[in-house]
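Asker: Take this sequence and fold it.
(one chain, ligands or ions: 1)
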Amino acid sequence: MKHIALIALLFIIGCGGIPDHPADKKLVVIGFDSADWLAIDPLISAGEMPNFKSFLDSGSSGTLMSFVPMEKSPRIWASIATGLHPRDHGIGGFLKKNDELASSSDWSAPALWDIVGGSGRSSCVIGWWVTWPAQPIDGVMVSDHMSFTRKGSREGTIVQPDSIDLSDSIVDWESISNEELSRFIDLDALSGHEEEYALKLDELRIIYACDLTYLATLKQLVADQQFDLNVVYFRGLDVVSHKFWTYWNTEIAPHEYSELDIAVLGDIIPGYYKFVDELLGEVLALFPEDQQVAIMSDHGFHGPRHRKRGWQYGVQEHRPQGIFATRSPLYKPGHKFEQMEMLDTAPTLLALLGLPVSEAMTGAILSDGLTGDGKKFVDYLLENRVNSYASFLPARSDTIIEQTEVDDEIKKQLKSLGYIN
Ligand SMILES: [Zn+2]
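Answerer: Reported below is the predicted structural model:
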């Protein structure tokens, strides 16, 4: 079955008379959970996010509207990867009905990397939600549980092929000193109050180490091998937003904070956005300057909301306006588009990869800001949809995975973010 679909796809992509894709059809996808233009724009104006600034100048960008009512992050990222509404891709949320963590065998629709693999090309996927245990793909899959992993734990389930040794890329959060955190916190204000803030600073250390780990992993993998699709997801911004937003945006006031709280923790949010800018710069530096790149978030961030039932946290802190930006010869540099919808993401990423949309995908390829060549190519893709990519969904062995203390640790983290009860 997979074979037949592949032949059909090759027929569409490989025949004469097809307009040329103006790029090499390779793509880097960078996910920044919770990234919001409302926080980014002022930092760009202040010259504090130079990599974002030059990326936006060379690319096309605008608002990516998330689902309303709001969905949980794993469901949104699965929609970005499949082009399907959350009710259609099999990913239910953080937990399954039986309270176990969602797992990679839950996907009922092929993700971008399955489609890329089905068309005979390779992918490197790092940290995407619900990719544990890592499954074999055409390329390398690094599971989202890597960020919860200490060296040596969960062996055999974190990366496929499992012959790859990523232990040197794991940044141990306990090795991060307060000095290293000085980019986020005021060490002078902290001085003498270390004990008081130890727990909060550990939360910051853990997520900072997680993002550094994913960056190091990407560096390691692309140093050895080139992939057609490179995907890396960074969760840090969402975690720090949930934990530290109101120390920064003090107009939202669910708690009374002391002056010391504000002095120590008040700059974590802009500090982390500046770190995200550095992450972008580091990722871009790994690839050629004309490499196609797409950046996105699954939603923006508002902070806790005061409703009748009191202060609402978790998903209620999100706002639907996320970000999307792409650098590709398909789109005019510096173009600002008004808005795209969440389900437009997968068709747009497929177009960058030179692949058609399937009939099952109800979203559109971003059409605002196309270049002349881009329009020709996108029109061709729209006239030549494939029926379905369903046969590219790999058969997943229903491995029975033993729940361990690591699962409890992950659940604890999700609970502390207000995501699960
Ligand atoms: Zn969130």
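
Asker: what about stretch 25-42, start to end distance?
Answerer: One end of stretch 25-42 to the other measures 33 Å (C-alpha to C-alpha, to the nearest Å).

Asker: nope, stretch 378-395 is what I meant
Answerer: Across stretch 378-395, first to last residue, C-alpha to C-alpha, it's 31 Å.

Asker: same deal with stretch 336-349?
Answerer: 18 Å.

Asker: Can you list the neighbours in contact with it?
Answerer: Contact with stretch 336-349 is made by 27, 29, 60-67, 76, 79-85, 112, 294, 296, 298, 322, 324, 326, 357, 361-366, 368-369, as judged by C-beta atoms under 8 Å, 6 or more residues apart in numbering. In short, each C-beta sits where N, CA and C put it, glycine included.

Asker: For residue 270, which three-state class applies?
Answerer: Secondary structure, DSSP: H, G, I helix; E, B strand; the rest coil: residue 270 is helix.

Asker: From residue 307, how far off is it?
Answerer: 27 Å (C-beta to C-beta, to the nearest Å).

Asker: For those two, indicate the residue with more neighbours.
Answerer: The neighbour comparison of residue 270 against residue 307 (other C-beta atoms under 10 Å) goes to residue 270, with 17 against 9.

Asker: Check that one and give its pLDDT.
Answerer: pLDDT for residue 270: 98.

Asker: dump the residue contacts of it.
Answerer: 39, 43, 48, 248.

Asker: what pLDDT does the third one get?
Answerer: Spelled out, that is residue 48. 98.

Asker: now the second one
Answerer: At residue 43 the predicted local distance difference test score is 98.

Asker: that's a strand at it, yeah?
Answerer: No. Read with three-state DSSP, residue 43 is helix and lies in no strand.

Asker: Pull the number of nearby residues for the nearest residue to it once chain neighbours are set aside.
Answerer: Excluding its sequence neighbours, the residue lying closest to residue 43 (C-beta to C-beta, 6 or more residues apart in numbering) is residue 49, at 4.6 Å. The number of residues packed near residue 49 is 25, by other C-beta under 10 Å.

Asker: Now do the end-to-end distance for stretch 286-293.
Answerer: End-to-end distance for stretch 286-293: 12 Å, by C-alpha to C-alpha.

Asker: quick revisit: narrow the contacts of stretch 336-349 to just the buried residues.
Answerer: Using 16 or more other C-beta atoms under 10 Å as the burial test, those include 27, 29, 60-67, 76, 79-85, 112, 294, 296, 298, 322, 324, 326, 357, 361, 363, 365-366, 369 as buried.

Asker: Now go through those residues and say which are in strands.
Answerer: Per DSSP state E, strands hold the following members of those: 27, 29, 60-65, 294, 296, 322, 324, 326.
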